[in-house]
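In: Quick one: sequence and predicted model below, then my questions.
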Amino acid sequence: MTTSPHAERLARFRRACWWLSLGVLLLPLKPCSKHLQPGFGPRKARISDVSCARKWFLNTDANLGVLLGAPTGLVVADWDDQASYLRWRATDGAAVSTLAERTPRGVHLFFFAPLLRSAAGEGCELKTCGACAVAPSIHPSGRRYRTLHAAPIAALDAALAGALFPFLSDRVAPRPPRDVRRCRGAAPAALVDRIKAARSTLAEMRDAGVVLVPGGPNTLVGRCPFHDDHAPSLWLYPDSGVWGCNRPDCRAAGVHDVINFRAFWRRIYNRAAIGQLADEFL
């Protein structure tokens, strides 16, 4: 059955909003292509808000790309052929549960792993920077990127990454400080939920000296502490604890929670922020 152009655009826009909810910055790609639209790139313009995502993915035929690396540490393990992926899945990757997408030739697996560096081996390329086309984009061949396994994106530390991808043995960044190692791998969802229930983003921001004022229904705004802000570009929904910065080139652009704010403010990894907040409020 043929999908209408509007339905395809709507699917890309909805998926773009999902990526933004994770704090991942987006990059519009040329239709049926992996090439960036003019003016966009890892060090150029990026999409960090829903209104800009709507402009590109609901109103044009642009493919959907995600920014690898900063600010979230998103990486992709890319297999160009199904056989290599299945061999890995049957051995080193047998217990892995994370977002997986079917590409026209192979498979993409996504992880949050800020300590890793790009490397390749055994039929897999681990990409830690640049842009990556994601579902439901259209490949130049005309085939569609599709979700293969809709699991949450898993976090990798150096030890787990080395076990899953042995070819990384000499490419893993130095071991993080002790406080970063306290929460190894993906923090349990229950722990994260308990932290968010015990510590509001509003309280965390106020303790950091951020001044907030009403900006609309159920919204607070203020000057963002993560760039030289002369007009309120920081926004917060106090009921949900979701916040972000409207300035595209700010490192706090995107959609974040109380854990992300602690990490940004104290310049630590999210895992360290989870450990600190758990010690202080649970």
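Out: Thanks, I have it.
In: Low-confidence ranges, the stretch 1-150 of the chain, go.
Out: By pLDDT under 70, the low-scoring segments of the stretch 1-150 of the chain are 1-2.
In: residue boundaries of the strands in it?
Out: All strands of the stretch 1-150 of the chain, identified by DSSP state E, counting those that start in this stretch, fall at 26-29, 63-68, 74-79, 100-102, 107-112, 119-121, 124-127, 130-133, 146-149.
In: Nearest to residue 13, out of the ones you listed?
Out: strand 63-68 (8.7 Å; C-beta to C-beta). Just so you know, the C-beta spots here come from the backbone N, C-alpha and C atoms, and that holds for glycine as well.
In: Would you format the strands of the stretch 1-150 of the chain as a markdown table with mean neighbour count and distance to residue 10 included?
Out: Below are the strands of the stretch 1-150 of the chain laid out as a markdown table (neighbours: other C-beta atoms under 10 Å; distance: least, C-beta to C-beta, whole Å):
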| stretch | mean neighbour count | distance to residue 10 |
| --- | --- | --- |
| strand 26-29 | 25 | 16 |
| strand 63-68 | 25 | 12 |
| strand 74-79 | 23 | 24 |
| strand 100-102 | 20 | 19 |
| strand 107-112 | 23 | 22 |
| strand 119-121 | 15 | 36 |
| strand 124-127 | 20 | 28 |
| strand 130-133 | 21 | 18 |
| strand 146-149 | 14 | 16 |
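In: Okay, angle between the longest helix along the chain and strand 63-68 too, please.
Out: Taking DSSP state H as the criterion, the chain has its longest helix at helix 5-21. Inter-element angle recorded for helix 5-21 and strand 63-68: 10 degrees (by axes from the mean of the first three to the mean of the last three C-alpha atoms, to 10 degrees).
In: which helices and strands does helix 5-21 pack with?
Out: strand 26-29, helix 50-53, strand 63-68 (3 or more C-beta pairs under 8 Å, 6 or more residues apart in numbering; DSSP states H and E).
In: can you redo those as JSON lines with distance to residue 167?
Out: Listed next are these as JSON lines, based on distance: least, C-beta to C-beta, whole Å:
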{"stretch": "strand 26-29", "distance to residue 167": "27"}
{"stretch": "helix 50-53", "distance to residue 167": "35"}
{"stretch": "strand 63-68", "distance to residue 167": "18"}
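In: Correct me if wrong: residue 195 contacts residue 279.
Out: No: contact criterion C-beta atoms under 8 Å: residue 195 and residue 279 do not qualify, at 10.4 Å.
In: Give me the more crowded residue out of those two.
Out: The neighbour count for residue 195 versus residue 279, taken as other C-beta atoms under 10 Å, is higher for residue 195 (22 against 10).
In: would the more buried one count as being in a helix?
Out: Yes: using DSSP: H, G, I helix; E, B strand; the rest coil, the assignment for residue 195 is a helix.
In: Looking at it now. What's its pLDDT?
Out: We have a pLDDT of 91 for residue 195.
In: need the contact list for it.
Out: 258-259, 274, 277-278, 281-282 (C-beta atoms under 8 Å, 6 or more residues apart in numbering).
In: are any of those buried, and which?
Out: Neighbour counting over the contacts of residue 195 (16 or more other C-beta atoms under 10 Å) leaves 258-259, 274, 277-278 as the buried ones.
In: Is it possible to get JSON lines of these that adds secondary structure, distance to residue 24 and pLDDT?
Out: Formatted as JSON lines, the buried ones among the contacts of residue 195 follow (DSSP: H, G, I helix; E, B strand; the rest coil; distance: C-beta to C-beta, whole Å; pLDDT from 0 to 100):
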{"residue": "258", "secondary structure": "helix", "distance to residue 24": "18", "pLDDT": "92"}
{"residue": "259", "secondary structure": "helix", "distance to residue 24": "15", "pLDDT": "91"}
{"residue": "274", "secondary structure": "helix", "distance to residue 24": "19", "pLDDT": "89"}
{"residue": "277", "secondary structure": "helix", "distance to residue 24": "22", "pLDDT": "91"}
{"residue": "278", "secondary structure": "helix", "distance to residue 24": "24", "pLDDT": "89"}
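In: want to throw these into TSV with distance to residue 47?
Out: Shown next, in TSV, are those (distance: C-beta to C-beta, whole Å):
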residue	distance to residue 47
258	24
259	23
274	27
277	29
278	33
